[in-house]
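Chemist: Give me the fold of what follows.
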Amino acid sequence: MRLLNSTILLVTIALLVATLNEVTVAEDHTFKLPTSEIELADCPVQAAIPKSLKKVDQLEVVDLRTQKVTEAQRIGNSDRCVFILQDAVNAGETPEFAIRESAEPATEKVTVAREAGRVIMRLTDKNVLAYNVDVVSPPEGADPVFRRSGHIHPAWSPEGVVVTDEFPADHLHQHAIFSAWTKTTFEGERVDFWNQKAETGTVEHREVLNMVSGPVFGELTVRLAHIVTKSEDQDVLDEVWTIRLFAIADPHYFEIESVQTCVAETPLTIDEYHYGGFAFRGAGDFFSEQGHSMVTNETSDRIEGNHSRPDWVSVFGHVSGKQCGAAMFSHPENFRSPQPVRLHPTKPYFVFSPCVLGEFLLEPGQPFRSRYAYLTFDGEPDRERIDQLWTAFGREDALTIVP
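Modeler: Numbering: from 1, shown residues only. I've put the predicted structure just below:
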């Protein structure tokens with residue numbers, strides 16, 4: 001399954017006036033959801049906003065099969081909105097929907113708030129993830145070179161279990177959900193932004209650019225810097241993350257768009273190497289008597305799966321006796337997609353690494369855009385559910401006009 005384009009199901013709406021069977025509105029704009037190879041439910045759907053509704057603040061979508069109404073939320077100042085698909089859509093089905101102005105005030109299901117050196121993203125009253133604005137110091141006695149900001153930790157399961165780890169004793173430089181290149185060359189010298197112990201490079205948070213709470217998703221936009229630290233500190237890469245958490249209760253589901261731009265006068269070479277990129281480090285408690293497991297959509301053998309190019313990866317184990325885990329997708333439009341993945345043979349960590357396929361350059365002023373999605377869950381990974389959200393994240397949909 002190699003599905004292209006769109007952060008979530010990208011739907012183009014035909015602007016048509018219609019009369020609904022059980023819903024009376026002044027003007028309706030209907031569209032059909034393009035077919036999927038699998039059943040879809042409880043996943044984000046993205047739609048274009050009709051011209052007549054461009055200045056409307058409150059939007060809603062009606063499922064014309066059931067007349068069920070669900071809130072829709074505009075993406076920033078764009079002409080697109082997102083709603084959560086409520087009732088299941090069967091494989092091959094093309095259900096019809098209508099988008100319209102809502103008379104009801106929006107309910108903030110997803111909230112984004114700055115608290116005590118970090119930004120917390122919540123779904124209703126449940127913590128989902130924390131982005132670290134302030135520098136977090138390593139455990140007492142550890143080398144302070146491992147301090148870090150600009151990463152996500154903790155990330156919680158729907159039952160409130162922490163599924164990530166920060167400063168694990170075996171790899172103090174791994175920071176839950178983080179981004180760093182390992183083997184690079186800058187102005188003729190080796191720079192390692194991943195292994196901080198080398199003291200040649202690191203990554204840190206710079207500023208919070210925007211925070212949005214809403215009925216369908218919450219959004220956090222932040223700026224990070226990738227810094228050469230060999231002699232005098234120098235910013236080499238500027239990175240902007242846009243983190244979007246959706247109002248899906250189980251599993252928790254969020255996406256990260258990363259845009260890296262070389263801000264030096266000379267390019268940064270990302271050398272060929274067996275790891276480096278966007279990473280996930282699982283909970284420390286995964287090292288329990290029960291152990292932990294790692295699977296992809298292709299294999300349950302992590303040795304076989306190492307440097308394969310799967311749709312998704314999942315790691316899971318026990319935390320305080322409770323089974324839980326997380327999964328991660330690399331978007332099919334990403335550079336060198338499907339990207340190779342480094343699956344550690346014994347540790348609960350993996351990383352999507354396009355550098356496995358050879359070196360490439362990040363040229364000054366040229367944005368390098370990547371998109372990833374994450375879900376956190378209780379129990380064992382539900383392959384069917386993961387495939388649903390992967391499909392919603394990664395598929396391309398053609399224009400469908402209601403006749």
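Chemist: and residue 351, helix, strand or coil?
Modeler: strand (DSSP: H, G, I helix; E, B strand; the rest coil).
Chemist: Tell me who's in contact with the spatially closest residue to it that is not a sequence neighbour.
Modeler: Nearest residue to residue 351 in three dimensions, chain neighbours excluded: residue 279, at 3.8 Å (C-beta to C-beta, 6 or more residues apart in numbering). The C-beta positions use only the backbone N, C-alpha and C, and glycine is treated the same way. Under the criterion of C-beta atoms under 8 Å, 6 or more residues apart in numbering, the neighbours of residue 279 are 174, 177, 178, 179, 180, 349, 350, 351, 352.
Chemist: Below-threshold pLDDT in this structure: ranges please.
Modeler: Applying pLDDT under 70 to the chain flags the ranges 1-28, 289, 395-403.
Chemist: So for it, the centremost residue is which one?
Modeler: residue 255 (2.1 Å; C-alpha atoms, centre = their mean).
Chemist: re earlier: so the residue nearest to residue 351, which state does it fall into?
Modeler: Secondary structure state of residue 279, per three-state DSSP, is strand.
Chemist: That one and residue 368, how far apart?
Modeler: Residue 279 sits 17 Å away from residue 368, taking C-beta to C-beta, to the nearest Å as the criterion.
Chemist: before we move on, back to that, quick one: the residue nearest to the centre of the chain and residue 372 touch, right?
Modeler: Yes. Between residue 255 and residue 372 there is a contact under C-beta atoms under 8 Å: 7.0 Å.
Chemist: still on that earlier bit, now do the contacts for the residue nearest to the centre of the chain.
Modeler: 7, 8, 243, 244, 246, 371, 372, 373, 374, 393.
Chemist: Would you agree the last one falls within a strand?
Modeler: So that's residue 393. No. Residue 393: not assigned to a strand; according to three-state DSSP it is helix.
Chemist: Same list as before, the contacts of residue 255 that is, but in JSON lines and with distance to residue 40 included.
Modeler: Formatted as JSON lines, those follow (distance: C-beta to C-beta, whole Å):
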{"residue": "7", "distance to residue 40": "15"}
{"residue": "8", "distance to residue 40": "11"}
{"residue": "243", "distance to residue 40": "23"}
{"residue": "244", "distance to residue 40": "19"}
{"residue": "246", "distance to residue 40": "14"}
{"residue": "371", "distance to residue 40": "19"}
{"residue": "372", "distance to residue 40": "20"}
{"residue": "373", "distance to residue 40": "15"}
{"residue": "374", "distance to residue 40": "19"}
{"residue": "393", "distance to residue 40": "11"}
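Chemist: List the ones among the residues you listed that fall in helices.
Modeler: The helices, defined by DSSP state H, take in residue 393 from the contacts of residue 255.
Chemist: which one among the contacts of residue 255 gets closest to residue 341?
Modeler: Taking C-beta to C-beta as the measure, residue 341 sits nearest to residue 372 out of those, at 11.3 Å.
Chemist: And the residue nearest to the centre of the chain, how far from residue 82?
Modeler: 11 Å.
Chemist: got it, and residue 167?
Modeler: Counting by C-beta to C-beta, the gap from residue 167 to residue 82 is 35 Å.
Chemist: Those two: who's more crowded?
Modeler: The residue with more neighbours, out of residue 167 and residue 82, is residue 82; 25 against 21, by other C-beta atoms under 10 Å.
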